[in-house]
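> Let's see this in three dimensions:
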Amino acid sequence: MVRLCLALLLVVLLPGCRQPGEALGTAVRFDARGDRVAATPVSPRATALTLPADFPVDVHLPARYAIDTLTDMPGTQIISLLAEGEVVALSQETRRAMEHDGWQRRLVTHRGGDSAVLAFEKDGRSALFAFDRNQPAQPSEDAGVIVSLQLQDGAARL
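Below you'll find the predicted structure:
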């Protein structure tokens, strides 16, 4: 009887002891920080949201992104994007592009490779970018960088 109980216990418990990648039959990879990474490149998820028609053409956005949320208020637009790439590369690219388009840099803050904040002003307008490394709960979820952008016209200030 004891052997039968032990055998049933092993049948129930052992499958739960497998690593998630093994249970799914997929390889599990880790980055330099020891975080799990997807086995294949992850592209931004599909979304029905599009930029507002009055979105300024002189505000830089990443080459590949999906809009996660969009908030439009009088004098202010707040946009959250999920972009492909790394925080440092995206923030440096944004800084160069914004300065090239005549925006004056007001703030640059980096916290390792996990987050960065950039603030710019031009013609009474302001743009505040926040870049954060996306840390999905599951390896199959979206990876990349969350880019939050707040634009304000001359009537509203940061």
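
> measure stretch 66-84 end to end?
Using CA to CA, to the nearest Å, one end of stretch 66-84 lies 9 Å from the other.

> what comes up buried for that stretch?
66-68, 70, 76-77, 79-84 (16 or more other CB atoms under 10 Å). Heads up, the C-betas are built off the backbone N, CA and C, glycines and all.

> where does the chain have low pLDDT?
1-47, 136-142, 155-158 (pLDDT under 70).

> And the lengthiest helix in it, what does it pack against?
Ranked by residue count and defined by DSSP state H, the top helix of the chain is helix 87-100. The contact analysis (3 or more CB pairs under 8 Å, 6 or more residues apart in numbering; DSSP states H and E) places helix 87-100 against strand 104-111, strand 115-122, strand 125-133, strand 145-152.

> Pull up the pairing partners for the longest one, direction included.
To tie it back to what came earlier, the one meant is strand 125-133. strand 115-122 (antiparallel), strand 145-152 (antiparallel) (DSSP bridges).

> Could you export those strands to CSV, including columns for distance to residue 129 and mean neighbour count?
Formatted as CSV, those follow (distance: least, CB to CB, whole Å; neighbours: other CB atoms under 10 Å):
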stretch, distance to residue 129, mean neighbour count
strand 115-122, 4, 19
strand 145-152, 6, 20
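
> Can you tell me which of those is nearest to residue 61?
strand 145-152 (7.8 Å; CB to CB).

> what's the angle from the closest one to helix 87-100?
30 degrees (axes from the mean of the first three to the mean of the last three CA atoms, to 10 degrees).

> Any idea which of the strands paired with strand 125-133 gets closest to residue 133?
Of all the strands paired with strand 125-133, strand 145-152 comes closest under CB to CB, at 6.1 Å.

> hmm, who's touching the longest helix of the chain?
59-60, 62, 83, 105, 108, 110, 113-116, 118, 120, 127, 129, 131-133, 145, 147 (CB atoms under 8 Å, 6 or more residues apart in numbering).
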